[in-house]
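Student: structure for the following, please:
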Amino acid sequence: QVQLLESGGGLVQAGDSLRLSCAASGRTFSTNAMGWFRQAPGKEREFVASINGRGTTTYYAESVKGRFTISRENAKNTLYLQMNSLKPEDTAVYYCAADWHEKRIPSIQSIDYDYWGQGTQVTVSS
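Tutor: Numbers count the residues shown, from 1 in each chain. From the prediction side, this is the model:
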């Protein structure tokens, strides 16, 4: 059974940093695209960042570009999201996701991801 387990969320002040982790189990994802999405209260789930299997191609939402960095450590089957210069508008539940298909371009669409974690709350106070 495939599981994605996020961790690293919390309550921080504006300008602080956090690093989210997503540990995968049940299968390896070293050749699969993975991504981060977030959902704020009352809003649709939105794309944050995505990365291909080798970690050589990344995409970011404009709202986080230059502040967030997505990376992965395939030896540990783990995905990361380094978040710097956090803003109150970054407050949301953050989800990691994995594509079942191998060697695909990392998508920015949630519909292209087959596996999802349960989410971790990030709250940024002003």
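Student: in the protein, which spans are helices?
Tutor: Here the chain has no helices by DSSP state H.
Student: centroid-nearest residue for it?
Tutor: Compute the mean C-alpha point of the chain, and by CA atoms, centre = their mean the closest residue is residue 36, 2.3 Å away.
Student: ok, residue 36 to residue 126 distance?
Tutor: To residue 126, residue 36 is 23 Å away according to CB to CB, to the nearest Å. (Each C-beta comes from the backbone N, C-alpha and C, glycine too.)
Student: packing partners for the strand ranked longest in the chain?
Tutor: The longest strand of the chain (DSSP state E) is strand 92-102. Using 3 or more CB pairs under 8 Å, 6 or more residues apart in numbering; DSSP states H and E, the elements in contact with strand 92-102 are strand 3-7, strand 18-25, strand 32-39, strand 78-83, strand 115-116, strand 120-125.
Student: ok, now with 7 Å
Tutor: strand 3-7, strand 18-25, strand 32-39, strand 115-116, strand 120-125 (3 or more CB pairs under 7 Å, 6 or more residues apart in numbering; DSSP states H and E).
Student: skipping its backbone neighbours, what lies nearest the residue nearest to the centre of the chain in space?
Tutor: Distances taken as CB to CB, 6 or more residues apart in numbering put residue 48 closest to residue 36, at 4.2 Å, once the chain neighbours are dropped.
Student: okay, now the one you found: neighbour count?
Tutor: 25 (other CB atoms under 10 Å).
Student: oh, and call the first residue 879 from now on, that's how I've got it
Tutor: Right, with 879 as the first residue, what we last looked at is residue 926.
Student: hang on, it packs against residue 916?
Tutor: Yes - in this structure residue 926 lies within contact range of residue 916 using CB atoms under 7 Å: 5.3 Å.
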